[in-house]
Each structure stands twice: as C-alpha cells, then as structure tokens.
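S.K.: After the sequence you'll find the predicted model.
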Amino acid sequence: KYLFNNEKINDQIISLKTFTNRNIKLEPQEIPGYQFKYWQKTSENLLLPMGSTWKYWDRNNIPANNWHTKAYNDASWSQGKAQLGYGDMFPNVATTISYGGNANNKYLTAYFRSILNINSLDTKDNFLITVYMDDGACVYVNGVEIGRYNLPSGPLNFNTTTNTWNNGEEVDFVVPKNLL
C-alpha cells in the first residue's frame, strides 16, 4: 500500500509515468506488523546491479589525473562488490570502504570504476547511471564527464567539498549513447 501525492493506492504493483521536472511523492503506508526499510530500484535490464564488482580508491588522494579514462591502469585499486560505502544510512553495503582513521575527519572523496560490455548496442536506448551518494558525485563514461551532483563547477580533486551536505541521495545521470 502506498500514498502517491497523498492519495491512497491499494494495488501491490504500480506503474508510473511522469513529466520532466514535475515533483511527485511516493511513500509507503504503514501496515500493522510490518516495517518499511527502504526503496530499491529493480529492473531486469540492469547492467551493473547490486553485487556487481567494482574497483575503488579510498586513500585520501587522487590516484592519477587520468583515472577516469579507458586507458588508465587500475590494477593497484581495491576491488569489491556493490553496494560500496560505509555507515548506517546506506542499506545493503556489501563492501565497506575506508574513511580514514578519524571518524570526525573523514576522507572527502572515494573513486570508483567498473567495466561493462553491452551487446547489441544498436537495439538499446535510454541508459542511466544511478548513484546513491553522500554528499556529491561526478560521473564519467569512457573519460567524458556526463554529470555532477552537488559539486562546484570547474576542476575537481580529492579535497573538493560539496556545495551542501545531505544524508544520502539517489541521483540518475543520463548516458549519451554516443559515449558507449
């Protein structure tokens, strides 16, 4: 049971279409004897689902200026299964990354890389990368920045701070097909 823009929906499965830049509110209704924990995206077309393997760099410095390019050698990076992160706000963390030795002075940046192969690219459209982050993210595809969230414009480095803070947000980035 759900509330959609404060209206009750009793169906167990719903399908929604929205307009760009239109705010909607979908929230679970309380059901006696059950506790809602979190929303989780599901799709049979996920290319990098939860549990997929990622490389990560959590060492409080930039690994190299070209770390986001296809040619970069990430052999020295750590590796783990998604979801990667730390803390109670992130449900389903499978790989805990380091935030440094001081919980009151955590590393500002972690870097993540993954490789995927898409078969029959000509028959597919509408690629999205969904990132769950705290507090910001910049996303690259094949060395090209496709978007950033809550980060200033201009060059970024490992000690760039976000514009504001948040307690974890999920953001979608559209992937231009010509970058694949």
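M.R.: Here it is on my side, so go on. Only a predicted model underlies this, so the values are computations on that prediction, with no experimental measurement involved.
S.K.: which residue sits farthest out from the middle of the chain?
M.R.: Pro32 (32.1 Å; C-alpha atoms, centre = their mean).
S.K.: Skipping adjacent residues, who's closest to the residue nearest the centre of the chain in space?
M.R.: With distances taken as C-alpha atoms, centre = their mean, the residue of the chain nearest its centroid is Val131 (1.3 Å). Spatial nearest neighbour of Val131, chain neighbours left out: Ala137 (4.7 Å); criterion: C-beta to C-beta, 6 or more residues apart in numbering. Just so you know, the C-beta spots here come from the backbone N, C-alpha and C atoms, and that holds for glycine as well.
S.K.: do the same with Thr164
M.R.: Thr164 sits nearest to Asn150 (C-beta to C-beta, 6+ apart), 6.3 Å away.
S.K.: I'd say the residue nearest to Val131 and Glu145 touch.
M.R.: No - using C-beta atoms under 8 Å, Ala137 makes no contact with Glu145, being 11.0 Å away.
S.K.: Which one of those two is surrounded by more residues?
M.R.: Counted by other C-beta atoms under 10 Å, Ala137 and Glu145 do not tie: Ala137 has more neighbours, with 19 against 12.
S.K.: Show the model's pLDDT score for the more buried one.
M.R.: We have a pLDDT of 95 for Ala137.
S.K.: what does the one 4 residues further on give?
M.R.: pLDDT, Val141: 94.
S.K.: How much space separates it from Phe90?
M.R.: Distance of Val141 to Phe90, computed by C-beta to C-beta, to the nearest Å: 23 Å.
S.K.: Can you give me the neighbour number for the closest residue to Trp165 other than its chain neighbours?
M.R.: Leaving aside its chain neighbours, Trp165 sits nearest to Asp135 (4.9 Å; criterion: C-beta to C-beta, 6+ apart). For Asp135, the count of nearby residues is 17 (other C-beta under 10 Å).
S.K.: repeat for Gln79
M.R.: 12.
S.K.: For the chain, which segments are assigned as strands?
M.R.: 2-4, 7-9, 26-28, 53-57, 78-81, 84-85, 95-96, 111-113, 127-133, 137-141, 144-149, 169-175 (DSSP state E).
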